[in-house]
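Peer 1: fold the stuff below for me.
(2 chains)
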Amino acid sequence: MSILQTPGSDGRFGEFGGRYVPETLVPACQELEAAFADAWNDPLFRADLDQLLREYAGRPSMITECHNLSEQLGIRLFLKREDLNHTGSHKINNVLGQVLLAKRMGKKRIVAETGAGQHGVASATAAALLGLECKVYMGEVDIARQELNVFRMRLLGSEVEAVTSGSRTLKDAVNEAMRDWVASVETTHYCLGSVMGPHPYPFMVRQFHRVIGDEAFVQMNDATGTSPDFVVACVGGGSNAMGIFSGFIDTPARLIGVEPAGGAAVSRGQPGVVHGMKSFLMQDEYGQVAEAHSISAGLDYPGVGPEHSYLASIGRAEYPTVTDDEVIAGFQLMSRSEGIIPALECAHAMAWISREAKNMQGKTVLMNLSGRGDKDVGQMMSILKDLT
Amino acid sequence: MTGRLEATLRTRIDGGGKCLVPYITGGYPGWADSVRACAANGADAIEIGIPFSDPVMDGPVIQKASQIALEAGATPVSIFQEIRTLDVGIPLAVMCYYNTVFHAGHERFASDLVAAGVSAAIVPDLPLEEAGDWCTAADAAGIETVMLAAPTAPDNRLPRVAERARGFVYSVGLLGVTGERAELALTATILAARVKKITNKPVLIGVGVSNALQAVEASRVADGVIMGASVVNRMMDGGSEAVGLFVAEVRAALDGATW
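Peer 2: Residues are numbered from 1 along each chain as shown, chains lettered A, B, ... in the order given. Reported below is the predicted structural model:
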């Protein structure tokens, strides 16, 4: 039996997951659960989605063997190139699926939260393509860090609203998107951007992203004749990691989800409930949710998707952390060695691989390069002053 | 067994009156005086909010009050300690988000409420399907768990919500978060009428009931109202005196209306 779970109506992965939402949203979540199950089993929906992924997003994404880094680090390193998708990250896989589903459900409008802006840009893109109104909530702090993505969303015809409550980052953007949804649920679909939130989101978003792992499984077999020894991805909410883990969960590969030291829900959190799910959560002694601190807006999240909590609890995946300084070094390492500027999120995975390479000599490592780094160049200019 | 909150509301209803339950954010500077002002001016029960870092059911007013309370150092423990000293003579309910309960542990949280003299709990992000463990602990401790009925609930859901509710059924006044509105939403009385049809428990409308006129309008169908943002706004602007005047005004309007 596969370790990859299909949750029942209680939305549980082991003890994690569930549906902790206000009563107003329960019928909407139930409706979404049924609509997703229906669509996922409908060959016509799947054909429409496959066509969009192929002809619009540019799938399948290739794998790239990193000869220079492999030689430097003493490992055999491959990248899954989600950075080459349309809009520059893996986020488009989930968004095309959800927006297509929202249209099928007769919704006229979507709302989305965004941290780094990648999910916001992807949502705005899909909404423009499929003709839905779109509003994106983004923390004030992140808006300042990612002004290019804010402009992109507006250019694509979406409204971007600054969230000024709480830590003014991703977690507060989720709160505000949920508040919008509570008020607009009859016409609006909440296009959640990660494998988190109330059931069916963690399951549904993982299903939309498992194309990453399914493709990579075949590609790695073609390239090496077997599965990799390590599969490495960064984890904020954890969607790119669940996407690639899905393809290798039943292989012997070690699955590594790299969290930022300042947002390490799995290694520093305890079980808790926020944003509709039970999962590992950074919180204080009274259950107040802690503010995450990461150089990367996309990983600045104190929680994690419930399936990751489950995989951690059964020991199937590991969740080490890296520091901001290691991430800055990883960002430069990949840029200089391979001519690929990674998103700061993915630089977390690079940082872990570079730090741990000494323990992986001769092993094959597959890293999910979930996004490109163009969006981070402005922020890095202020950090790497000697280059300017 | 009927708990203290339901019994108190029942007495008001049986006497031909309508129930008034104001909401006060616990831990906001001076909040205890505002609770006393509510009690002294005709509240039947009082809802005390335990501030949470991520209050998804709350609009800007209660968010702001919660943030100020948290910045002032409020914790569930400090609020419970102060509740113990209130001695207002009417039932108190806490409104808190589920992580506050879950983190403390169901049994411990229930016994903390009992020790503080609290009668009931309202947990707005704990819907029916997830409420089992908490309700078991609360029932055992004698804490009444108020359940929320939402305008989106289909007919086959409402009886299960009402059946599980203790104290009263919280009939959510509109699609949206807490906050003042210019008019009472049409959904408020439509839902309350649906709930009244399927339960004998008290049915109170909350969320979007903003002034005395709207309280009367809502009470034409419901057994009374919960008033949150309008009360908290007055607490933040004018302290306990403003709260007392407002509660007295609503009480007078409810008592003066013919039903």
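
Peer 1: how about the closest residue to chain A within the stretch 101-250 of chain B: what's its closest non-neighbour residue?
Peer 2: Taking C-beta to the nearest C-beta, chain A has its nearest neighbour within the stretch 101-250 of chain B at B:His103, 2.9 Å off. Placement of C-beta: from N, CA and C, glycine included. Computed as C-beta to C-beta, 6 or more residues apart in numbering or on different chains, the closest residue to B:His103 that is not its neighbour in sequence is A:Gly287, at 2.9 Å.

Peer 1: any idea how far A:Gly117 is from the one you found?
Peer 2: 30 Å (C-beta to C-beta, to the nearest Å).

Peer 1: distance check, the residue lying closest to B:Thr85 once chain neighbours are set aside against chain A.
Peer 2: Among residues not flanking B:Thr85 along the chain, B:Ala32 sits closest, at 7.5 Å (C-beta to C-beta, 6+ apart). Between B:Ala32 and chain A the distance is 19 Å, computed by C-beta to the nearest C-beta, to the nearest Å.

Peer 1: which element is B:Ala32 on?
Peer 2: Assigned by DSSP states H and E, B:Ala32 belongs to helix B:31-40.

Peer 1: show me what that helix is in contact with.
Peer 2: Applying C-beta atoms under 8 Å, 6 or more residues apart in numbering or on different chains, the external contacts of helix B:31-40 come out as B:22, B:24-25, B:28, B:46, B:48, B:69, B:82, B:85-86, B:88-90, B:92, B:231, B:235, B:239-241, B:243-244, B:247.

Peer 1: test my guess that the residue of the stretch 101-250 of chain B closest to chain A contacts A:Leu281.
Peer 2: No: B:His103 lies out of contact with A:Leu281 (C-beta atoms under 8 Å); the separation is 9.2 Å.

Peer 1: shared neighbours of the two, anything?
Peer 2: Common neighbours of B:His103 and A:Leu281 (C-beta under 8 Å, 6+ apart) are A:Gln270, A:Gly272.

Peer 1: longest helix in the chain, please.
Peer 2: Chain wasn't specified; assuming chain A. As assigned by DSSP state H, the longest helix anywhere in chain A is helix A:201-224.

Peer 1: switch to chain B, that's the one I care about
Peer 2: Chain B, longest helix under DSSP H: helix B:229-256.

Peer 1: pull out the buried residues from that one.
Peer 2: Using 16 or more other C-beta atoms under 10 Å in any protein chain shown as the test for burial, helix B:229-256 gives B:229-236, B:240, B:242-244, B:246-248, B:250-251, B:253-254.

Peer 1: try stretch B:214-232
Peer 2: B:214-219, B:221-232.

Peer 1: again, but for stretch A:355-364
Peer 2: A:Arg355, A:Glu356, A:Ala357, A:Met360, A:Thr364.

Peer 1: the third one against A:Leu73, yeah?
Peer 2: Yes: in this structure A:Ala357 lies within contact range of A:Leu73 using C-beta under 8 Å: 3.9 Å.

Peer 1: next up, the contacts around the closest residue to A:Lys108 other than its chain neighbours.
Peer 2: Nearest non-adjacent residue to A:Lys108, counting by C-beta to C-beta, 6+ apart: A:Thr187, 5.1 Å away. Counting by C-beta under 8 Å, 6+ apart, A:Thr187 touches A:Lys107, A:Lys108, A:Arg109.

Peer 1: restrict the residues you listed to the buried ones and give me that as a ChimeraX selection.
Peer 2: Isolation of the buried members of the contacts of A:Thr187 (16+ other C-beta under 10 Å) is achieved in ChimeraX through the command below:
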select /A:107,109
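
Peer 1: circling back to that earlier point, compare B:His103 and A:Leu281 (neighbour count), which wins?
Peer 2: A:Leu281 (27 against 21; other C-beta atoms under 10 Å in any protein chain shown).

Peer 1: right, and the more buried one touches A:His275 too?
Peer 2: No: under the criterion of C-beta under 8 Å, A:Leu281 is not in contact with A:His275, lying 9.2 Å apart.

Peer 1: thinking again about what came up before, and the residue of the stretch 101-250 of chain B closest to chain A, how far is that from A:Lys278?
Peer 2: Taken as C-beta to C-beta, the span from B:His103 to A:Lys278 is 11 Å.

Peer 1: shared neighbours of those two, which are they?
Peer 2: Residues touching both B:His103 and A:Lys278 (C-beta under 8 Å, 6+ apart): A:Gly272.

Peer 1: tell me which helix or strand comes right after the helix or strand hosting A:Phe45.
Peer 2: Taking DSSP H and E as the criterion, A:Phe45 maps to helix A:43-52. Counting by DSSP H and E, the next helix or strand C-terminal to helix A:43-52 is strand A:63-65.

Peer 1: what's that following strand packed up against?
Peer 2: The criterion is 3 or more C-beta pairs under 8 Å, 6 or more residues apart in numbering or on different chains; DSSP states H and E, and the helices and strands that strand A:63-65 contacts are strand A:76-81, helix A:201-224.

Peer 1: how about the closest residue to chain B within the stretch 51-200 of chain A, nearest residue that isn't a chain neighbour?
Peer 2: Going by C-beta to the nearest C-beta, chain B is nearest to A:Ala183 of the stretch 51-200 of chain A, at 3.7 Å. Computed as C-beta to C-beta, 6+ apart, the closest residue to A:Ala183 that is not its neighbour in sequence is B:Gly176, at 3.7 Å.

Peer 1: wait, that neighbour sits on B:Gly208?
Peer 2: Yes: the pair B:Gly176 and B:Gly208 passes the contact test of C-beta under 8 Å, sitting 7.0 Å apart.

Peer 1: return stretch A:37-47 as CSV; C-alpha atoms alone will do.
Peer 2: The C-alpha trace of stretch A:37-47 is given here as CSV (Å, rounded to 0.1, in the frame of the first residue of the first chain):
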residue,chain,number,x,y,z
ALA,A,37,-13.5,14.4,-6.5
ASP,A,38,-15.9,14.7,-9.4
ALA,A,39,-13.6,16.7,-11.6
TRP,A,40,-10.5,14.6,-10.8
ASN,A,41,-12.3,11.5,-11.9
ASP,A,42,-13.7,13.2,-15.0
PRO,A,43,-11.5,12.4,-18.1
LEU,A,44,-12.7,15.6,-19.7
PHE,A,45,-11.5,17.8,-16.8
ARG,A,46,-8.2,16.0,-16.7
ALA,A,47,-7.8,16.4,-20.4
